[in-house]
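# here is the input, now give the coordinates:
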Amino acid sequence: MVADYSRITIKLQDFLVNYLKTSGASNFLVGVSGGLDSAVVLTLCALAKPKNTHALIMPTKFSSKNNLNDALNLCKKLEINYKIIDIEPIIQSFRDQISEDLSRIRAGNLAARIRMCLLYDYSADLNALVVGTSNKSERMLGYGTIYGDIAYALNPIGGLFKTEIFEFARFLNIDDSIINKAPSADFWENQSDEADIGYDYNQIDMVLKEICLNKNKEDLRKIFDEKLVDTVFSRMRANEFKLKMPPIADLNIN
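Modelled structure (predicted):
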């Protein structure tokens with residue numbers, strides 16, 4: 001069943017406008033990669049507050065030219081202000097200080113956290129809210145960098161599964177060049193989100209939606225591929241800390 005994206009669009013615009021009003025901030029700021037999630041978020045912000053929406057594009061040496069072109073074209077299509085910062089020199093300065101070869105995962109997390117630092121620094125100059133781009137599938141799996149792409153002031157798409165984001169993007173008339181590309185954080189050459197997880201989002205979302213209906217692991221192993229179910233539950237368990245505030249020691253002594 002296809003969601004009512006017309007009503008969802010109105011509701012998310014209201015969410016963005018009302019949060020901006022109560023926050024005391026003046027603008028929205030979105031990190032735009034040329035990928036699907038950030039394209040949907042930027043479009044929603046531009047629909048809600050076209051003159052108050054800004055984008056920061058932060059490529060590395062691994063960022064594909066297609067992604068950069070898609071990000072630029074989207075900003076121009078929406079007629080919003082944007083800025084490009086090549087973060088490769090910043091990453092290299094970290095490498096020089098660390099003085100060791102970084103694994104792909106460490107290098108990717110570093111890039112995500114550098115982008116977060118730049119977004120929050122730029123947001124202070126603009127009096128802007130950093131708007132998140134993590135969808136519900138990513139959030140449930142913990143597929144993201146803590147204090148990196150998971151760091152934001154508010155998130156309009158955190159309640160939509162990745163498969164719904166594809167549908168939503170078509171409703172919002174986002175270019176096919178963005179919709180049809182394989183999901184990727186561009187952390188390294190030819191990096192693929194679905195390859196990292198081991199399954200495509202159609203498979204993953206079928207399991208996640210059942211979990212949201214309170215189906216347990218054993219029941220789902222009877223319906224879906226057992227390895228798929230085990231992978232989803234394992235990722236959720238290992239990464240659930242990313243969705244919680246850090247615990248604070250209780251100093252009350254009885």
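
# can I assume residue 130 is in contact with residue 118?
No: judged on Cβ atoms under 8 Å, residue 130 makes no contact with residue 118 at a distance of 10.2 Å. (Each C-beta comes from the backbone N, C-alpha and C, glycine too.)

# more crowded one of the two?
With other Cβ atoms under 10 Å as the criterion, residue 130 and residue 118 differ in neighbour count, and residue 130 comes out ahead with 21 against 17.

# and that one, which of the three is it?
strand (DSSP: H, G, I helix; E, B strand; the rest coil).

# low-confidence stretches in this protein?
For the chain, the stretches flagged by pLDDT under 70 are 1-2, 184-188, 190-191.

# show me the strands in the stretch 51-200 of the chain, by range?
Listed from the start of the chain, the stretch 51-200 of the chain has strands (DSSP state E, counting those that start in this stretch) covering 53-57, 81-84, 128-130.

# what lines up beside the longest one in the sheet?
Put plainly, it is strand 53-57. According to DSSP bridges, the neighbouring strands of strand 53-57, each with its direction, are strand 27-31 (parallel), strand 81-84 (parallel).

# so which of those strands is the most surrounded?
Between the strands paired with strand 53-57, the one whose residues have the most neighbours on average, counting mean count of other Cβ atoms under 10 Å, is strand 27-31 (a mean of 26).

# what's whichever helix or strand comes after it in contact with?
Using DSSP states H and E, the helix or strand that follows strand 27-31 in sequence is helix 36-48. When contacts are defined by Cβ atoms under 8 Å, 6 or more residues apart in numbering, helix 36-48 is touched by residues 9, 12-13, 16-17, 20, 28, 30-32, 53, 55, 70-71, 74-75, 78-80, 131-135, 156-157, 165-166, 168-169, 172, 174, 178-179, 181, 183.

# show me which of these are buried.
Among the contacts of helix 36-48, those scoring as buried are 9, 12-13, 16, 20, 28, 30-32, 53, 55, 70-71, 74-75, 78, 80, 131-135, 156-157, 165-166, 168-169, 174, 178-179, 183 (criterion: 16 or more other Cβ atoms under 10 Å).
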